[in-house]
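Participant: based on what follows, work out the 3D shape:
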Amino acid sequence: SIKERLFSRLRGTFLPLVVPPNSQQIILWSTWLVLLCSLKMFQSLARERLECLNASPSATPLKYLRVYSALLLVLSTDLLWMKLCVGFCSSCNSKLFWLMLFEPLSIAFESLQSIMVHGFQLLDIWQRHLMDSGVDYLDFQKTYKQAAGSFSEWRGQLIRNFGFVIDLISLLMSLGHYSMIFWLRGMAFHLVDAVLLLNLRALVVSFLKRIKTYIKLRKALRSLDGALPDAKYDEICTYDDECAICRGPMAR
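Facilitator: Residues are numbered from 1 along each chain as shown. Purely as a prediction, here's the structure:
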């Protein structure tokens with residue numbers, strides 16, 4: 001949401017409150033900021049490009065895979081940077097440098113979410129390419145059927161649940177970042193401390209609101225499933241209708 005993005009943008013503005021104003025610290029944190037901004041930029045560009053390719057009927061699996069590999073590169077670079085940060089924090093034995101891990105963790109989980117969502121889209125493009133090439137698509141599709149429903153329904157549930165978890169993790173990373181700055185700075189009752197407390201309060205409210213919204217969504221989906229149950233195989237055979245997509249018998 002817009003509020004969560006705003007909290008993400010404001011994280012770096014409070015670093016001067018706890019970072020010592022010397023040349024070594026300025027160079028270190030400037031490098032950290034430039035790298036993270038670069039990773040976020042490449043991540044956003046890759047997602048936007050993948051969305052455009054997914055909406056394009058002429059997109060090929062190879063073209064989509066080339067852009068998709070950018071997300072894998074962002075994730076691998078971010079994991080490598082976190083490993084370096086952990087080693088640096090352990091060697092320096094300073095709690096200040098643990099602030100380096102909150103933002104990379106958010107980028108890692110957001111990249112995982114994008115990799116999962118666009119990975120399914122890559123699978124859809126590959127399936128469409130197989131259909132256009134004359135490959136027997138039905139046998140290929142049956143391997144992805146699940147006992148609870150079709151592959152598309154299972155995928156929708158997975159994306160929805162994983163997106164909820166990622167939203168909570170992003171809010172927790174922001175909450176941990178502000179809390180650690182507050183802890184390192186100490187209680188001084190200045191204007192900046194009031195702003196930090198307001199941000200912490202807003203994050204907690206957003207966290208609880210996101211959980212309540214997800215619970216309401218799950219209840220609504222259960223009610224919908226109860227009101228509109230899936231048709232059984234015998235009922236489909238009795239109806240004897242054609243699929244609106246493949247124009248073939250529905251009971252196969």
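Participant: the stretch 51-200 of the chain: strands as residue ranges?
Facilitator: Using DSSP state E, counting those that start in this stretch, no strands are found in the stretch 51-200 of the chain.
Participant: residue ranges with poor pLDDT in it?
Facilitator: The model of the stretch 51-200 of the chain has pLDDT under 70 over residues 93, 131-152, 186-192.
Participant: domain map for this structure?
Facilitator: Domain assignment of the chain by the TED database yields the ranges 1-134, 141-251.
Participant: deepest in the core, which of the ones you listed is it.
Facilitator: domain 1-134 (a mean of 15; mean count of other C-beta atoms under 10 Å). The C-beta positions use only the backbone N, C-alpha and C, and glycine is treated the same way.
Participant: how about Tyr214: what's its closest non-neighbour residue?
Facilitator: Excluding the flanking residues, the one nearest Tyr214 by C-beta to C-beta, 6 or more residues apart in numbering is Phe164, at 5.0 Å.
Participant: I'd like to know how far the one you found sits from Leu184.
Facilitator: 31 Å (C-beta to C-beta, to the nearest Å).
Participant: again, but for Val19
Facilitator: Applying C-beta to C-beta to Val19 and Leu184 gives a distance of 10 Å.
Participant: common neighbours of these two, please.
Facilitator: Residues touching both Val19 and Leu184 (C-beta atoms under 8 Å, 6 or more residues apart in numbering) are Leu96.
Participant: for the chain, which helix is longest?
Facilitator: What stands out as the longest helix in the chain, according to DSSP state H, is helix 191-227.
Participant: for that one, packing partners?
Facilitator: helix 2-10, helix 151-185 (3 or more C-beta pairs under 8 Å, 6 or more residues apart in numbering; DSSP states H and E).
Participant: report the angle between the last one and helix 191-227.
Facilitator: To tie it back to what came earlier, the one meant is helix 151-185. If you take axes from the mean of the first three to the mean of the last three C-alpha atoms, to 10 degrees, helix 151-185 sits at 160 degrees to helix 191-227.
Participant: which helices and strands sit right next to helix 151-185?
Facilitator: helix 2-10, helix 102-132, helix 191-227.
Participant: so can I have JSON lines of the ones you listed showing distance to Arg155?
Facilitator: Output for these, formatted as JSON lines (distance: least, C-beta to C-beta, whole Å):
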{"stretch": "helix 2-10", "distance to Arg155": "24"}
{"stretch": "helix 102-132", "distance to Arg155": "5"}
{"stretch": "helix 191-227", "distance to Arg155": "15"}
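Participant: so for Ser174, which of these sits nearest?
Facilitator: Nearest to Ser174 among the helices and strands packed on helix 151-185 is helix 2-10 (4.6 Å), distances taken as C-beta to C-beta.
Participant: coming back round to it: format the helices and strands packed on helix 191-227 as TSV; extra columns: distance to Lys209.
Facilitator: Formatted as TSV, the helices and strands packed on helix 191-227 follow (distance: least, C-beta to C-beta, whole Å):
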stretch	distance to Lys209
helix 2-10	10
helix 151-185	10
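Participant: for Thr60, what are phi and psi?
Facilitator: phi -100, psi 160 (degrees, to the nearest 10).
Participant: quick check: closest non-adjacent residue to it.
Facilitator: His129 (6.7 Å).
Participant: right, and that neighbour touches Pro61 too?
Facilitator: Yes - assessed by C-beta atoms under 8 Å, His129 is found in contact with Pro61 at 5.4 Å.
Participant: identify the residues contacting Pro61.
Facilitator: Contacts of Pro61 (C-beta under 8 Å, 6+ apart): Leu122, Ile125, Trp126, His129.
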